[in-house]
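[1] Give me a model of this one.
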Amino acid sequence: MSTDALRRLFHPGAMAIVGASDRVTWSKTAFANWQAYSGGRPVYLVNPRHAEVHGERAHRSLADIGEPVDLAFIMTGTETVTAVAREAADAGVSGLMVLSSGFRETGTRGAGLEQELAELAADRGLTLLGPNTIGFINASVPVAAAATPINEPLAPGPVAILLESGGLAGSVLNMAQARAIGLSHVIAVGNQAAVRTADVLEFLVRDEATRCIALFLESVREPERLRAVAAQALAAGKAIVALKAGRSAAGGRTALAHTGAVADDAEVTRAALASLGIVVVNSLEDLLTTAGLLGAQPARLGRRIAVVAASGGACELIADRAADLGLELPAFPSPTADSLRRDLPGFSHVANPLDVTGYVVVDPLLQIRALERITAHATGVFDQIIFQTLAPKAHHGGQQYTMDRYQRLAGVIGASPVPVLVQVASGFDLTGFPTVLSQQCGLHMLDGIEHGMTALGHAVWWHETRDWIGSRPAGAPLTAAPAAVPSPGASGVWAERQARALLAAHGVPLTPARYVADSGEAVRAAADLGGPVVLKLAADDLAHKSDVGGVVLDLRTADEVRAAAARLLRLSVEQGLGEGCLVVSPMRAGGVELLVSVRQDPTWGPMLAVGLGGIWVEVYRDIGLAPLPVQAADVDRLLGALRAAPLLTGARGRAAVSRAAAGSAIAAIAAVAERLGDAFDTIEINPLWVSADRAEVLDALVVWRTPDPPDRE
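    A predicted model of the protein is given here:
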């Protein structure tokens, strides 16, 4: 769907409500909204059975209107929608919205009706939003073509809300208004029979009135389109903040590898969206608060913050959340501290966060003056300042008194060399006078300490991630695949022996290994390798050796090797693995063991998982995820974000390991997956051993995809 077509759809000069009825709340609401918020643009009512609806003339058909109509809002029965759409096309209407439900969401028959409607729209050049949509609001024009109640005032602003759930549109709109968030658009795409989420995202990225997009996702239908639009948004400096509904497990797929147990569909989607520079949040409150901040504050936000409040408790809560989010609270520079001591009461304590104390009751401008002192020497020390306050309302001094005080605050903020974020102490309804105040003073107010600080953390992440993606070097093209790449007919599970051969052919570093068939060969192999060794079962159809006791560690003598080999050979027979074979490898002590896995995701394609490995992967569930392709620098970023990252840098007296070696090895494993394309299902390395100077694969597993059965005529 072209951006020009959507621009015409969202900027209609006149609308017709088809199926308008005094008995239908949707119709009454849509008519009232258009009249109240569409700048006097004409609205026509169509109902062939009534001469009057909503106190206005009702037309028998769209053709009967006799005036230009840009948008038809269809509210008729499901079975009649396609006929009405055909009538709209005949009447020269270019834009359609379908409120009616009963289409794809109801099953096969409904899906057929939706397909028929979509084909008609494509054939006749109609721009179709829905079906099953509540409509849209374009507050920047303004136009309100929506069948959900709208509260006063409908304040224009930089945030667009895009929803795949029409039922949530009214609630999200009310929440945004309660937070005094100015809106450019509110758009519900419904079933997306023609206009898709990615289409509207692209339109909003190009829309001059929009600075940030709040996106409620139910599913990801077009991942490649989303990738492209996300890149456009980053290039334009427009943040996308997304809330993805649904946290179900990994779709019931049977996972032979551990990755299916430690990373579910929701985690994969979250990681994939984050890799595109999309901010992912966990609640509607955080969706709106984060989008509101990124929309209202175009300046770059960083990790160094100063805080000025009139409550010690608020200072403590802000400091706690700052620590959670990795934000810093640098000390005030000496000139700032000296000026604050001169101005604050003697019983106050000058520190960051700064509590100016309850003395503001006596001196209402004290906190604003303290802010002024902090801004004077903020450059190079702080990235932004938080001004924490109560929700603004008309106190005993009256509205003008409150307005004067906030205008004074706005003046200090406007002169500040770093951004100042006004944070309301707790969640509060800011509609009415606070909305007027925030608009007139040009102030955006963060919603409470919890959601406000979370929003700041998200905003800092977005700025840092945008910088990272923008500076990320282009990856070198993959070299031609080695001759040892398996034929397209590879199938089933490749356990250690075959998997190691595949990885070795691609240049992935592996620990040495000798394959033996009896105890004597095992003893000779151990002697050749020298030092302590590991003995493992190497049956081709044994995916996880440790689950059956098929791994023996730290064997130091010939007798220990001989006894372990005999036991494992007996175990092989007991497990029905045949006489089997064994693998002997050097024992790698110290260092850190990592899980490295690449699994085919049905939506995003090959997805890399990196985390603490060995037997603890499913216990700690400390996993970093990223869609391919990746480079060593991307892998290092994933490793640094793990909770286990301190183990890599030498926590509690442990020797540090080489993240560079780990990153290089993991990038090489990811390159194998890229070369194999869609032939494989899972590649799992568990563990990848990392020491101070190297990284080696100790164990590996490859699961090949089952070919689709041939089509039968």
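
[2] got the residue ranges for the helices in the stretch 1-150 of the chain?
    For the stretch 1-150 of the chain, the helices defined by DSSP state H, counting those that start in this stretch occupy 3-9, 25-37, 81-90, 108-124.

[3] Secondary structure class of residue 161, three-state.
    strand (DSSP: H, G, I helix; E, B strand; the rest coil).

[4] tell me, how many neighbours does it end up with?
    For residue 161, the number of neighbouring residues by other C-beta atoms under 10 Å comes to 29. For the C-beta atoms, the positions are set from N, CA and C on the backbone; glycine is no exception.

[5] got the contact list for it?
    Taking C-beta atoms under 8 Å, 6 or more residues apart in numbering, we find residue 161 in contact with 169, 172-173, 176, 183, 185-187, 213-214, 216, 288, 291.

[6] With respect to per-residue confidence, which of these is lowest?
    Within the set of these, pLDDT is lowest for residue 169 (91).

[7] from memory residue 341 sits against residue 349, does it?
    No. Using C-beta atoms under 8 Å, residue 341 makes no contact with residue 349, being 9.8 Å away.

[8] picking that back up, columns mean neighbour count on top of the helices of the stretch 1-150 of the chain, output as a markdown table?
    Formatted as a markdown table, the helices of the stretch 1-150 of the chain follow (neighbours: other C-beta atoms under 10 Å):
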| stretch | mean neighbour count |
| --- | --- |
| helix 3-9 | 17 |
| helix 25-37 | 19 |
| helix 81-90 | 20 |
| helix 108-124 | 17 |
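
[9] Which one of those helices lies nearest to residue 641?
    helix 3-9 (35.6 Å; C-beta to C-beta).

[10] From the contact counts, what lies against that closest one?
    strand 127-129, helix 197-206 (3 or more C-beta pairs under 8 Å, 6 or more residues apart in numbering; DSSP states H and E).

[11] Determine the three-state secondary structure at residue 597.
    strand.

[12] Show me the strands in the stretch 301-450 of the chain, by range?
    Assigned by DSSP state E, counting those that start in this stretch, the strands in the stretch 301-450 of the chain fall at 305-309, 354-355, 384-389, 420-424, 445-446.

[13] For stretch 307-316, the averaged confidence score.
    Rounded mean pLDDT across stretch 307-316 is 94.

[14] And that stretch, what's buried?
    For stretch 307-316, burial by neighbour count (16 or more other C-beta atoms under 10 Å) applies to 307, 308, 309, 310, 311, 314, 315.

[15] One more: stretch 410-424?
    410, 412, 413, 416, 418, 419, 420, 421, 422, 423, 424.

[16] got it, and stretch 206-223?
    Going by 16+ other C-beta under 10 Å, stretch 206-223 has these buried residues: 207, 209, 210, 211, 212, 213, 214, 215, 216, 217, 220, 223.

[17] taking these one by one, which sit in strands?
    212, 213, 214, 215, 216, 217 (DSSP state E).

[18] So which of the contacts of residue 161 are in strands?
    Checked against DSSP E, the contacts of residue 161 include these in strands: 183, 185, 186, 187, 213, 214, 216.

[19] Please work out how many residues are found near the third one.
    Neighbour count of residue 186, defined by other C-beta under 10 Å: 27.

[20] Same question for the first one.
    Counted with other C-beta under 10 Å, the neighbours of residue 183 add up to 27.

[21] So it is in contact with residue 141, correct?
    No. In this structure residue 183 lies outside contact range of residue 141 using C-beta under 8 Å: 11.7 Å.

[22] Quick check, pLDDT for residue 223.
    The model's pLDDT for residue 223 equals 94.

[23] Please disregard the earlier target; I meant residue 68.
    95.

[24] Switch the ones in strands among the contacts of residue 161 over to TSV; also include distance to residue 464.
    Listed next are the ones in strands among the contacts of residue 161 as TSV, based on distance: C-beta to C-beta, whole Å:
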residue	distance to residue 464
183	27
185	27
186	29
187	29
213	19
214	20
216	24
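
[25] before we move on, back to that, which among the contacts of residue 161 gets closest to residue 671?
    residue 213 (34.0 Å).
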